[in-house]
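K.L.:
Model the structure of this input:
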Amino acid sequence: MLDITTHVQVSGTELKVRIEKALNEKSLKKLITNLEKELDGEHSFLPHDVETQIRREITSAGVAVSQHGGWYRCIAAYLLLPRLEELLAVKGMGDSRSVAPIVQKLRNEALRESLGAFGLEVPGRYARTSSGTGRPRIRLSREQKQQLVENFLDAMPTFEALQEVLGTLPKNTNLMVKQIRTLVKRYLSIANRLQAKVTQE
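P.N.:
Model prediction:
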């Protein structure tokens, strides 16, 4: 059973006011809707016990969940509270392309703070936003990188066998064979570079 002070350090009426402020703000509607969709599904990043705790806090605050679009919409608003004022200020500047990366960065910071209060790590899609593209930069752990490389290199015998078969075929073949030949060549090139890097490490 989780016993934790809410990440926004407020409760009761104040928490209710802040959640409802987020839910009623037109400029945050799309942001909350997108987050709601991520929460309402089998691939939700919220563990069941944490979701239960948040529901309990929302209920205790007196938020009329059914009047505000349901549980996941209210939870989405709750998770954005740590950066609510900043989001409102930036959203007030409009929806220009230059504002979008700032909104994404603030959303990611809010989620990091919210999830961090429950001892949760932030999913890769909420990693720090690159200022150059406005897209999230996903950070993989060393173990994940190692597993990815191993899985990639496991396919090498198959591609080497394909290369042998392709070597017996005439160069003037149909488009499908040409595409396979290009794919095999590209795979083996990447695999050789990866193997060299692994050997160096």
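K.L.:
Who are the packing partners of the biggest helix by length in the chain?
P.N.:
The longest helix of the chain (DSSP state H) is helix 175-200. Secondary-structure packing of helix 175-200 (3 or more CB pairs under 8 Å, 6 or more residues apart in numbering; DSSP states H and E): helix 142-154, helix 156-167. Backbone N, C-alpha and C define where each C-beta goes, glycine included.
K.L.:
in that helix, what's buried?
P.N.:
By neighbour count with 16 or more other CB atoms under 10 Å, helix 175-200 contains the buried residues 180-181, 184, 187, 191, 194.
K.L.:
For L23, state which of those is nearest.
P.N.:
Using CB to CB, L194 comes nearest to L23 of those, at 47.8 Å.
K.L.:
want to throw the helices and strands packed on helix 175-200 into CSV with distance to L120?
P.N.:
CSV is the format used below for the helices and strands packed on helix 175-200 (distance: least, CB to CB, whole Å):
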stretch, distance to L120
helix 142-154, 17
helix 156-167, 37
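K.L.:
quick one, phi/psi of the residue in the chain sticking out farthest from the centre?
P.N.:
The centre of the chain is farthest from one residue, P170, which by CA atoms, centre = their mean lies 46.2 Å away. When read as degrees, to the nearest 10, the backbone of P170 gives phi -70, psi 150.
K.L.:
so which of the buried residues of helix 175-200 comes closest to E150?
P.N.:
Distances from E150 to these, taken by CB to CB, are shortest for L194, at 9.8 Å.
K.L.:
which ones are touching the closest one?
P.N.:
Going by CB atoms under 8 Å, 6 or more residues apart in numbering, L194 touches 149, 152-153.
K.L.:
pLDDT wise, what is it at?
P.N.:
On the pLDDT scale, L194 is placed at 80.
K.L.:
thinking again about what came up before, among the buried residues of helix 175-200, find the lowest-pLDDT one for me.
P.N.:
The weakest per-residue confidence within those falls on L194 (80).
K.L.:
how near is that residue to K145?
P.N.:
L194 sits 11 Å away from K145, going by CB to CB, to the nearest Å.
K.L.:
same deal with L23?
P.N.:
40 Å.
K.L.:
Could you break this protein into its assigned domains?
P.N.:
Split into domains by automatic domain parsing, the chain comes to 12-126, 142-200.
K.L.:
so where do the helices sit in this structure?
P.N.:
Listed in chain order, the helices of the chain (DSSP H) span residues 12-24, 29-39, 48-61, 71-80, 84-91, 100-116, 142-154, 156-167, 175-200.
K.L.:
Go through those helices and pick out the most buried.
P.N.:
Highest mean neighbour count among the helices of the chain (mean count of other CB atoms under 10 Å): helix 71-80, with a mean of 24.
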